[in-house]
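Visitor: Got a sequence here, can you build the structure:
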Amino acid sequence: MYQNGNSGKNKPIDPQGLSELSPEDFSGDLWGGDPDDNPEPSRAKTTLTMKIIALLTALIFFFIVLGNLFPVFTRPGFLQESRTLKNDPVLSSLQQAVVQVLNISREQANFPVAERKGTGFNIHPSGLIVTNKHLVEDADAMSVAFEDHGTYNAERWILSPHMDLALLYLDLSEDTEMPGPDLPVVELQFEHFPKTGEEVLIMGNPLGFRGVISRGIVTGNYRDFGRSYAVMEIEAPVHPGSSGSPVFNGENKVVAVVYATLQQDGTGNKKGLAIPVSYLLEIMEEDDTAGAVHTVPGKTNN
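Guide: Next up, the predicted model:
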């Protein structure tokens with residue numbers, strides 16, 4: 001598929017640094033006369049001073065606590081960037097084809113026991129969704145939700161035997177609200193893989209937020225650990241829920257599919273890993289004999 005601190009500012013007063021006051025400290029010179037001449041103002045001023053100190057101390061502690069709690073209520077920074085990018089009508093249109101996929105596993109008929117959510121995208125007007133295999137594995141049912149074009153069940157799906165890719169074929173026959181099988185789509189780019197340093201866009205549903213658009217930079221292209229296929233490394237906000245997100249090049253075509261994150265040694269930062277869409281061609285050539293096609297009970301393969 002961030003901390004806040006005051007760095008030494010607004011430290012509370014150290015009580016060990018205050019000396020104890022004695023009656024002798026309140027001499028006549030302190031208030032401009034003998035203390036016996038007018039004792040009431042002396043006590044009043046002392047009380048006022050202590051109240052001010054107590055108030056300032058309370059305010060200092062308040063802002064320290066507020067500073068520590070503030071990150072809890074701060075929304076992720078990528079949401080602000082996403083709101084800005086959505087102002088672009090082209091990107092907003094592309095986002096219509098990006099979906100949320102839901103994996104439902106059942107212990108027995110009509111009794112859901114587990115759900116797994118992620119991202120996918122549509123590549124055919126009649127409903128053909130690209131997503132990750134790990135989001136589809138062990139599913140008894142798959143559901144796909146478009147932002148503005150309804151929710152559909154998958155009638156069957158194909159899993160790649162070698163890569164973390166899957167295709168979902170939607171069942172549009174049960175939908176009565178939409179005008180017809182004319183769903184929004186994105187275009188794939190099978191050639192001209194982005195090079196290191198090129199900017200890309202990722203659209204997905206990270207951390208439960210729907211329809212997030214994020215900028216990213218390609219930081220490398222290499223082969224995955226012990227595997228034969230190439231992957232793209234991207235510096236971008238990739239989080240749980242980003243799996244299956246499309247990666248767009250500068251021509252607004254999908255070039256890869258996010259499937260994992262890579263932990264950076266000693267930094268705590270993560271980078272996204274994505275599989276080129278050219279590997280989808282292998283899945284599209286699969287048939288029943290490959291053992292990769294799954295059909296929902298009650299449906300027939302086309």
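Visitor: C-alpha only now, for contacts and for neighbours.
Guide: Fine.
Visitor: Glu81: neighbour count?
Guide: 14 (other Cα atoms under 10 Å).
Visitor: so what's it scoring on pLDDT?
Guide: On the pLDDT scale, Glu81 is placed at 77.
Visitor: surely it meets Ile202?
Guide: No - Glu81 is beyond contact range of Ile202, at 11.9 Å (criterion: Cα atoms under 8 Å).
Visitor: any common contacting residues for these two?
Guide: In terms of Cα atoms under 8 Å, 6 or more residues apart in numbering, Glu81 and Ile202 are both contacted by the residues 213-214.
Visitor: What is the three-state secondary structure of the residue lying closest to Ser278 once chain neighbours are set aside?
Guide: Nearest residue to Ser278 in three dimensions, chain neighbours excluded: Phe190, at 4.8 Å (Cα to Cα, 6 or more residues apart in numbering). Secondary structure assignment for Phe190 (DSSP: H, G, I helix; E, B strand; the rest coil): coil.
Visitor: same deal with Gln80?
Guide: Under three-state DSSP, Gln80 comes out as helix.
Visitor: Could you check how far it is from Ser214?
Guide: Here the distance between Gln80 and Ser214 works out to 10 Å (Cα to Cα, to the nearest Å).
Visitor: Count the neighbours of His149 for me.
Guide: His149 has 16 neighbours, counted by other Cα under 10 Å.
Visitor: Would you confirm that it contacts Leu183?
Guide: Yes - using Cα under 8 Å, His149 is in contact with Leu183, at 7.0 Å.
Visitor: Could you look up the SS state of Lys195?
Guide: Of the three states, Lys195 takes coil under three-state DSSP.
Visitor: What values do phi and psi take at it?
Guide: Note on Lys195: backbone dihedrals following degrees, to the nearest 10 are phi -90, psi 170.
Visitor: same deal with Pro184?
Guide: Torsion angles, degrees, to the nearest 10, at Pro184: phi -70, psi 150.
Visitor: Who's the closest spatial neighbour of it, skipping the chain neighbours?
Guide: Pro184 sits nearest to Ala97 (Cα to Cα, 6+ apart), 4.9 Å away.
Visitor: Same check on Ala274?
Guide: Going by Cα to Cα, 6+ apart, Ala274 has Val258 as its nearest residue, at 4.0 Å.
Visitor: just Phe193 next, same as before
Guide: Once flanking residues are discounted, Phe193 sits nearest to Val255: 6.8 Å by Cα to Cα, 6+ apart.
Visitor: ok, residues contacting the host helix or strand of the one you found?
Guide: In the assignment (DSSP states H and E), Val255 maps to strand 254-263. Contact with strand 254-263 is made by 1, 131-132, 164, 186-190, 193-194, 232, 238-239, 242-249, 269-278, as judged by Cα under 8 Å, 6+ apart.
Visitor: again, 7 Å this time
Guide: 1, 132, 164, 187-190, 193, 242-249, 269-277 (Cα atoms under 7 Å, 6 or more residues apart in numbering).
Visitor: again with stretch 160-177
Guide: Here stretch 160-177 makes contact (Cα under 7 Å, 6+ apart) with 127-134, 152-159, 181, 259, 283, 292.
Visitor: Likewise for stretch 78-86?
Guide: Residues outside stretch 78-86 that contact it (Cα under 7 Å, 6+ apart): 92, 212-214, 237.
Visitor: So how do I select the buried members of these in PyMOL?
Guide: Restricted to buried positions by 16 or more other Cα atoms under 10 Å, the PyMOL selection for the contacts of stretch 78-86 reads:
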select buried, resi 212+213+214+237
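Visitor: Tell me the one among the contacts of stretch 78-86 nearest to Leu55.
Guide: Pro237 (42.5 Å; Cα to Cα).
Visitor: Check whether that closest one sits in a helix, strand or coil.
Guide: Per three-state DSSP, Pro237 ends up coil.
Visitor: gap between it and Phe193?
Guide: 21 Å.
Visitor: cool, and Phe78?
Guide: Counting by Cα to Cα, the gap from Phe78 to Phe193 is 25 Å.
Visitor: tell me which of the contacts of stretch 78-86 is nearest to Thr46?
Guide: Thr46 has its nearest neighbour among the contacts of stretch 78-86 in Pro237, at 56.1 Å by Cα to Cα.
Visitor: So what does the closest one have for phi and psi?
Guide: phi -70, psi 100.
Visitor: Asp138 - nearest residue in space that isn't next to it in sequence?
Guide: Asp138 sits nearest to Ser105 (Cα to Cα, 6+ apart), 6.8 Å away.
Visitor: follow-up on the earlier one: now do the residue nearest to Ala274: how many residues are near it, please.
Guide: Residues contacting Val258 under the criterion other Cα under 10 Å number 31.
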